[in-house]
Structure formats: C-alpha cells, structure tokens
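[1] Pasting a predicted model and its sequence here:
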Amino acid sequence: MRTTGTKKEVSMMHVLPKFDYYEPRDIAEACKLLYQFKTSATSAKIIAGGTDILVNMKKGLIAPGCLVGIGKIPGMSEIQPVNGGVSIGAHLIVEKLVEFDLIRKKFNILSRAASVLGSPLVRNRATIGGNIVSARPAADLPPPLMAMGARVILKSRRQEREVSLDKFFKGPGETVIRPAEVLTQIVIDGPPPFTGGDYLKLMHRRSLEIAIVAVASRITLDGPEGAIKDARIILSSVAPKAIHAVRAEKALIGERPTEKLFDHAAKIASKECKPIDDIRGGAQYRCDMVEVLTRRTLRSALNEAIGQSGERGGE
Ligand SMILES: Cc1cc2nc3c(=O)[nH]c(=O)nc-3n(C[C@H](O)[C@H](O)[C@H](O)COP(=O)(O)OP(=O)(O)OC[C@H]3O[C@@H](n4cnc5c(N)ncnc54)[C@H](O)[C@@H]3O)c2cc1C
C-alpha cells in the first residue's frame with residue numbers, strides 16, 4: 001500500500017481491516033470454531049466466495065475479527081442426485097449451476113437465474129450458500145429456489161436442522177441462521193411430471209446489475225392438457241425479501257391454463273408487492289413490471305410443462 005496518499009485517497013482505496021483466518025478441514029471443526037468465537041470477544045464469520053463479505057468489510061460495514069473459510073471442506077462444493085431431486089453443497093460456485101447438466105435439464109429456473117447473476121468473474125467466485133445467507137432483497141438465487149420448494153440444511157456443533165427457504169429469510173440481510181451455524185446443503189425435490197418454470201430479471205444493463213424486478217414462476221399440470229395442480233410465483237426486489245404472490249398462486253390452482261387466466265394472475269401479483277421508489281425504478285413502475293414478468297414467466301412455464309421447452313414467453 002502507498003504510504004504517501006492523502007487521508008481521502010486512502011479511504012477511497014477501501015482497505016480491509018485486520019482479521020485472523022482459519023481453514024477448517026471438516027464441518028465439525030468449522031462449527032467448533034464458530035462456537036468458540038461466539039463465546040469470545042472476537043466475532044467470527046464464514047467466508048465463502050467473499051464477493052459480499054469482503055466488500056462489506058472494505059466499506060467498513062462489518063469488521064469480524066476472524067474469518068472461517070469453508071472452501072476446503074470435502075463435499076461442500078458437490079452436486080448429488082438424491083431420490084429424483086438434488087442436494088447442492090453450499091460452497092458450489094454459481095457458474096457450476098449454469099454448467100451442470102443435471103441442474104440445466106431438471107432445475108432450469110435455477111440455472112437461468114444463475115446465468116444472470118453478476119458477471120462471469122462474480123459467478124466464478126460467488127457461491128450458492130453465500131447468495132442465500134447474504135439475504136439481499138434482490139438476490140438472484142432465492143426466487144427460483146423458493147419456487148422449487150428448496151430447503152437448507154443448517155449444522156451447528158450439536159444440531160442439524162432443515163429449514164424451508166420460505167421460512168429462512170426475515171428481511172434485508174436477515175435470516176434465521178444462528179451465529180454458530182453453517183449452511184451445508186441446499187435440497188430440492190425432483191419436479192413432478194408436467195412441471196415447468198422460468199425466471200426473468202429486469203435490469204438496466206446485462207451484467208453486474210442487481211434486479212429492478214425479478215419473478216420466478218413454476219406450475220405443475222395434472223396432465224398434458226390438464227388443469228393447474230400447483231403454482232408458485234415468487235417476486236423479488238419488490239419487498240424486503242423475496243415473497244410469494246399468494247393470491248395470484250391461489251387464482252391459478254384448479255384452473256385450466258389460458259392466456260386470460262395468466263393475465264388475471266399477473267394483475268393480482270402486481271398488487272401483492274410492496275416496492276420502494278429508488279434510483280433504479282419507481283414503485284409504480286416496479287408493480288407494472290411485476291405484471292409483465294409474471295405473465296411471461298407463466299407462459300414459458302406452461303410451454304415447458306407441456307413439453308415445448310425452449311419457447312420462452314415474450315410480448
Ligand atoms: C460486482 C458484483 C456484482 C454482483 N451482482 C449480483 C447479482 O447480479 N445478483 C446477485 O444475487 N448477487 C450479486 N452480487 C452479490 C454476491 O456476488 C452474491 O450475494 C454472492 O452469491 C455471495 O456469495 P459468496 O460466496 O461470495 O458469499 P460471501 O461473501 O463469502 O458471504 C456472504 C455472507 O454469507 C455468509 N456465508 C457464506 N457461506 C455461508 C455458509 N455456507 N453458511 C453460513 N454462512 C455463510 C458469510 O458469512 C457472509 O455473511 C454481486 C456482487 C458483486 C461484488
């Protein structure tokens with residue numbers, strides 16, 4: 001570091017504060033470390049890809065005395081098929097969600113969301129677990145994961161618990177994870193027959209941009225030309241956390257999928273969000289865009305459910 005800069009120059013360089021670094025070899029050691037620090041004066045935090053935590057430390061928003069790297073723990077970066085579904089290690093980098101055949105073919109909403117997260121550089125460092133635990137209101141991976149009913153496995157020194165992602169987020173940056181817990185896996189059940197989904201993100205630029213609005217939809221039909229048996233619509237960037245458009249979901253279930261029905265559900269969804277006005281978009285604009293994206297994602301979810309994958313809904 002240069003020592004001759006003015007005070008202003010130094011602060012603009014966003015220097016990292018000092019911290020100790022540990023690299024446990026297994027989950028038990030990681031949990032033990034977190035527990036020890038929980039009861040000491042030095043605070044400890046897990047570091048995965050570091051794309052959020054290091055930025056926040058450089059900005060002076062947080063200053064943990066110790067970082068626990070979990071990248072060397074066996075199994076934490078693996079994708080395992082389980083009973084028709086999948087278990088994804090929390091340390092898997094986002095780019096792998098785009099590359100892996102199993103995810104692209106069977107859990108494609110997740111793959112699509114991963115493909116629009118940040119830039120190639122970010123996608124090659126950021127992890128799925130870090131994206132979930134960061135709990136940004138505009139994070140790309142929680143909406144598709146919620147649409148697929150994903151759960152997370154949280155391990156601590158003495159306990160392991162499974163929490164549905166619907167119950168995991170509390171608000172911006174806030175989750176139910178406890179200070180000495182590690183998110184180890186994300187579990188997703190296999191999609192039922194005649195299921196399709198889509199994720200669309202509205203942004204000003206094509207990369208390095210968080211969503212102005214994003215929607216993930218998934219529908220399951222009771223047969224190739226049947227009625228809608230299950231419907232999930234997740235709205236992102238329009239509330240303190242990703243939310244279900246509950247009334248829109250209800251309006252779809254039991255009905256035959258038609259353009260008119262999707263229009264109706266999309267209008268309901270636009271009334272279920274509570275966006276704020278900010279520099280990237282006004283509240284009313286965001287509500288209008290929720291309507292457009294909901295309609296489009298439902299259309300392509302239907303195309304996929306009836307076996308016409310590749311036809312994404314446009315207007
Ligand atoms: C330039 C840039 C562009 C970006 N664009 C986007 C974007 O378009 N969309 C988007 O969603 N995000 C974006 N991000 C945010 C960021 O990349 C993601 O949130 C990322 O997925 C975080 O993952 P990570 O592995 O880097 O987490 P880290 O920064 O390592 O950790 C983030 C938080 O999660 C905790 N944590 C990490 N792993 C675990 C675990 N296994 N168990 C318990 N706690 C854990 C850490 O303690 C920390 O609090 C961007 C970031 C940058 C810098």
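    The structure has been received and is ready for your questions. Numbering: from 1, shown residues only.
[2] Every contact and neighbour count from this point should use C-alpha atoms.
    Noted.
[3] What parts of the chain come near the ligand?
    Residues of the chain lying near the ligand by Cα under 6 Å from any ligand atom: 45-53, 90, 117-118, 122, 126-131, 133-134, 139-140, 182-184, 208-210.
[4] List only buried entries from these.
    Buried positions within these, assessed by neighbour count (16 or more other Cα atoms under 10 Å), are 45-51, 53, 90, 117-118, 122, 126-131, 133-134, 139-140, 182-184, 209-210.
[5] Among the residues you listed, which ones are in strands?
    45-47, 182-184 (DSSP state E).
[6] Residue 263 is in contact with residue 293, isn't it?
    No: if you go by Cα atoms under 8 Å, residue 263 and residue 293 don't touch, sitting 10.8 Å apart.
[7] quick one: which of these two has more around it?
    Taking other Cα atoms under 10 Å, residue 263 and residue 293 do not tie; residue 293 has more neighbours (27 against 17).
[8] just to confirm, which helix or strand has the more buried one in it?
    For residue 293, the host element (DSSP states H and E) is helix 283-305.
[9] Flag every buried residue along that helix.
    283, 286-305.
[10] And that helix, how far out from the chain middle?
    18 Å (Cα atoms, centre = their mean, to the nearest Å).
[11] Could you list which residues are in contact with residue 109?
    By Cα atoms under 8 Å, 6 or more residues apart in numbering, the contact set of residue 109 is 144, 197-199, 216.
[12] Out of those residues, which sit inside strands?
    Under the assignment DSSP E, the contacts of residue 109 contribute 197-199, 216 to strands.
[13] which of those tops the neighbour count?
    For the ones in strands among the contacts of residue 109, the largest number of neighbours (other Cα under 10 Å) sits with residue 216, at 33 neighbours.
[14] For that residue, name its beta-bridge partners.
    With DSSP bridges as the criterion, residue 216 is bridged to residue 199, residue 234.
[15] And the ones in strands among the contacts of residue 109, which is closest to residue 255?
    For the ones in strands among the contacts of residue 109, the closest approach to residue 255 (Cα to Cα) belongs to residue 197, at 17.1 Å.
[16] Now for the closest one: which residues touch it?
    Contacts of residue 197 by Cα under 8 Å, 6+ apart are 108-109, 216-219, 297-298, 300-302, 304-305.
[17] Could you list every helix and strand in contact with the helix holding residue 293?
    Counting contacts by 3 or more Cα pairs under 8 Å, 6 or more residues apart in numbering; DSSP states H and E, helix 283-305 packs against strand 195-202, strand 213-221, helix 259-272.
[18] With distance to residue 62 as added columns, please give these in TSV.
    Shown next, in TSV, are those (distance: least, Cα to Cα, whole Å):
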stretch	distance to residue 62
strand 195-202	29
strand 213-221	27
helix 259-272	33
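[19] Deepest-packed of these, please.
    Ranked by mean neighbour count, the helices and strands packed on helix 283-305 are led by strand 213-221 with a mean of 29 (mean count of other Cα atoms under 10 Å).
[20] Quick one: mean pLDDT for it?
    For strand 213-221, the mean pLDDT works out to 97.
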